[in-house]
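Colleague: Model the structure of this input:
(chains A and B)
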There are 2 protein chains.
Amino acid sequence: MKDKAIVLLSGGLDSTTTLYLAKKKYKCLCLIVDYGQRHKKEIRLAKKVSEKAKCDFRIIKVMLPWGCSSLIDKSKKIPYHRSANIGKRIPSTYVPGRNTVFLSYALSFAESIKAKKIFIGANSLDYSGYPDCRPEYFDSLNKVFKVGTINRNIRIEAPLIYKTKKEIVELGIKYKVPFGLTWSCYSGGKHPCGKCDSCLLRAKGFKEAKEKDPIYDRQNF
Amino acid sequence: MKDKAIVLLSGGLDSTTTLYLAKKKYKCLCLIVDYGQRHKKEIRLAKKVSEKAKCDFRIIKVMLPWGCSSLIDKSKKIPYHRSANIGKRIPSTYVPGRNTVFLSYALSFAESIKAKKIFIGANSLDYSGYPDCRPEYFDSLNKVFKVGTINRNIRIEAPLIYKTKKEIVELGIKYKVPFGLTWSCYSGGKHPCGKCDSCLLRAKGFKEAKEKDPIYDRQNF
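Modeller: Residues are numbered from 1 along each chain as shown, chains lettered A, B, ... in the order given. Next up, the predicted model:
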């Protein structure tokens, strides 16, 4: 029988690819976090991705009521057209402590159900520069997980951490990731905005991999 | 002007004493976590403690819906009369990842409002043996807070970590902590049960400090 793993699933390109990698080896349970994102589309699509992957999922609500980011505070504007600055200047979409909060829930879940791994789709090459997406962050959190639990063997795995978006797209195609179901855009319109960091990084990946992004094939989600 | 600090406040003996220590030096904001405890009495009293200390508070709801502990799952029994085993065997009241979840919220709050410290009333001498109450746990989490934030200077302070319950009671008396408002018992009855780890440790503290616990003076809360 396969060991259990928790997969943090946002329904985006990276976390969905991570789920498809993880489920080759583990019995995966998806943890979907509703943290007051600007739109609920990513929650809805993350559920669809879990179902498509034939994995159970849990949705938890997380309140971060201190108006800390344009990603959860609609009075703030999402920054657009940052191509030249992506990865250099940390944008207002940064949510303080977000991955620490999400991963601590995953830790609680993992220890409770005796899962061995926690997968996260974080990426430190083609990314927005968030400090909680870097390898040294995950290394230090793994130490916390070791000393702060009874079961000292729960580990975070970030298999995409050193991959470019191009490589992630290629991996996804290899593992038959349903890219058409994934949603990366920070906004929740009918179609991706094409201007936010997340859309720009995704487009770069598909372009460099010389693949067509199926998200643009669909009229509706 | 004083620097800001977040204080995790459960309304118990330790966190209330910690608040009174912290507020000597910092402008404190109390973070009260409603995580589905067996009773709401501790939330109500934590609010009263914040008001008494003239500090603002935030209450956040945390869901840990994986039936992991007798502290949040009423179908499980609270262990009683463990005097001989306290600190040796970890009891069923252990909530996997609890302090990591709480401190990650505090981190998000602290970075959002530019607070410099996060205070927690953890204690590693007269305690139930929880792994996430030990000094090495806080040291490793401080490293995470350094590498995982833009403001790399937010630090956890656990001023009671090496104190006995006796010393905590003595400190509380020195700093005029309203012990009569604090609630330690794992159950939420009219009076403390006197049998759970938390009641036993509290009673030990007052007995050794040769002080009377004002909680028994009151007929109602």
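
Colleague: Look up the closest residue to residue A:212, ignoring the ones flanking it.
Modeller: Nearest in space to residue A:212, with sequence neighbours left out and distances taken as Cβ to Cβ, 6 or more residues apart in numbering or on different chains, is residue A:206 at 6.9 Å. All C-beta atoms are positioned from the backbone trio N, CA, C, and that covers glycine.

Colleague: The one you found contacts residue A:213, correct?
Modeller: Yes - Residue A:206 lies in contact with residue A:213 (Cβ atoms under 8 Å); the separation is 4.4 Å.

Colleague: ok, the nearest residue in space to residue A:217 that is not next to it in sequence to residue A:132 distance?
Modeller: Nearest non-adjacent residue to residue A:217, counting by Cβ to Cβ, 6+ apart: residue A:180, 6.6 Å away. Distance, residue A:180 to residue A:132, using Cβ to Cβ, to the nearest Å: 29 Å.

Colleague: With residue A:202 instead?
Modeller: 20 Å.

Colleague: Please apply the same query to residue A:64.
Modeller: Residue A:64 is 13 Å from residue A:132, by Cβ to Cβ.

Colleague: Spit out the residues that contact these two alike.
Modeller: Residues touching both residue A:64 and residue A:132 (Cβ atoms under 8 Å, 6 or more residues apart in numbering or on different chains): A:97, A:98.

Colleague: neighbour-wise, which of these two wins?
Modeller: Comparing residue A:64 with residue A:132 by other Cβ atoms under 10 Å in any protein chain shown, the one with more neighbours is residue A:132, at 25 against 22.

Colleague: which ones are touching that one?
Modeller: So, once contact is read as Cβ under 8 Å, 6+ apart, residue A:132 ends up touching A:97, A:98, A:99, A:100, A:122, B:148, B:149.

Colleague: Just the pLDDT for it.
Modeller: Looking at residue A:132, its pLDDT reads 95.

Colleague: cool, residue A:199 as well?
Modeller: The model's pLDDT for residue A:199 equals 93.

Colleague: Run a quick neighbour tally on it.
Modeller: Counted by other Cβ under 10 Å, the residues lying close to residue A:199 total 20.

Colleague: Doesn't it belong to a helix?
Modeller: Yes - secondary structure of residue A:199 (DSSP: H, G, I helix; E, B strand; the rest coil): part of a helix.

Colleague: Following element in sequence after the lengthiest helix in chain A, please.
Modeller: Longest helix of chain A, by residue count under DSSP state H: helix A:98-113. Next along the chain after helix A:98-113, taking DSSP states H and E as the criterion, comes strand A:117-119.

Colleague: quick one: the longest strand along chain A to helix A:98-113, angle?
Modeller: When chain A is parsed with DSSP state E, its longest strand is strand A:27-34. The directions of strand A:27-34 and helix A:98-113 differ by 140 degrees, with axes from the mean of the first three to the mean of the last three Cα atoms, to 10 degrees as the criterion.

Colleague: Can you list the strands that strand A:27-34 pairs with?
Modeller: strand A:4-8 (parallel), strand A:56-61 (parallel) (DSSP bridges).

Colleague: any idea of the mean pLDDT in the first one?
Modeller: In other words, strand A:4-8. 98.

Colleague: what's the following helix or strand after that strand?
Modeller: Assigned by DSSP H and E, the successor of strand A:4-8 is helix A:13-22.

Colleague: out of everything not next to it in sequence, what's closest to residue A:85?
Modeller: Ranked by Cβ to Cβ, 6+ apart and with sequence neighbours excluded, the top spatial neighbour of residue A:85 is residue A:91, at 7.9 Å.

Colleague: from what I can see that neighbour touches residue A:127, true?
Modeller: No - with contacts counted by Cβ under 8 Å, residue A:91 stays clear of residue A:127, the gap being 11.0 Å.

Colleague: neighbouring contacts of whichever helix or strand the residue nearest to residue A:212 is part of?
Modeller: Using DSSP H and E, the element containing residue A:206 is helix A:197-208. For helix A:197-208, the surrounding residues in contact (Cβ under 8 Å, 6+ apart) are A:12-13, A:79, A:81-83, A:86, A:91, A:93, A:126-128, A:164-166, A:168-169, A:184-186, A:192-194, A:212-213.

Colleague: give me phi/psi at the residue lying closest to residue A:125 once chain neighbours are set aside?
Modeller: With sequence-adjacent residues excluded and distances taken as Cβ to Cβ, 6+ apart, residue A:125 is closest to residue A:164, at 5.2 Å. Phi and psi for residue A:164, reported as degrees, to the nearest 10, are phi -80, psi 170.

Colleague: Could you list the low-confidence segments of chain A?
Modeller: A:218-221 (pLDDT under 70).

Colleague: Let's see that with 90 instead.
Modeller: A:36-40, A:63, A:65-93, A:125-129, A:151-152, A:186-191, A:197, A:215-221 (pLDDT under 90).

Colleague: any idea which residue sits dead centre in it?
Modeller: residue A:15 (4.0 Å; Cα atoms, centre = their mean).

Colleague: wait, what's in contact with residue A:95?
Modeller: Counting by Cβ under 8 Å, 6+ apart, residue A:95 makes contact with A:35, A:64, A:68, A:69, A:71, A:72, B:108.

Colleague: That's all I had, so thanks and see you.
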